[in-house]
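1. Below: sequence and its predicted model.
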Amino acid sequence: MEATGVDLFYDVHGDEEIPFVFLAGSQGTPSYNARLARLRDRFAEVLKLASADFKTEEGYAIDAPGTANMTLATHWVAERFDCLANTLEMPFIDNNNVPDADTGWSPERSIKLGEASLVAMLAVVDDLR
């Protein structure tokens, strides 16, 4: 990363407790700015259209400006490289937005969410550096 730089960082996780698919961004980093906010908003808007599993109403609390935990990868990368950085959280249990009583969260749903994530990346790629 140091050798080539970073334009977009996507850290994919599974959350053990929150039964939703959501993004945790870099809003609380010291240098978060209007450009990064526009990129993040566009990314989330397109991901929401591309995936029924993804919603923006749930997730972790957003850090106040300048108060982000800079030891988290998403925050550090966003600050170091002034880039769009998000953590995608998927549930280990079923997604309450679109429950599936037969399978719950599954590898197939993860694959579809990955495909939707690529659509969101394509929506912002021309606005990255």
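-> Happy to help now that I have it.
2. Would you confirm that Leu47 contacts Lys55?
-> No: when contacts are counted by C-beta atoms under 8 Å, Leu47 is not listed as touching Lys55 (9.6 Å). Backbone N, C-alpha and C define where each C-beta goes, glycine included.
3. Which of these two has more residues huddled nearby?
-> Leu47 (26 against 19; other C-beta atoms under 10 Å).
4. Looks to me like that one is in a helix.
-> Yes: for Leu47, which was evaluated using DSSP: H, G, I helix; E, B strand; the rest coil, the result is membership in a helix.
5. Quickly note the distance from it to Thr71.
-> Between Leu47 and Thr71 the computed distance is 26 Å (C-beta to C-beta, to the nearest Å).
6. Then Arg40?
-> Noted for Arg40: a distance of 21 Å to Thr71, by C-beta to C-beta.
7. ok, those two, which is more surrounded?
-> Neighbour totals were compared for Arg40 and Thr71, and Arg40 leads with 20 against 7 (other C-beta under 10 Å).
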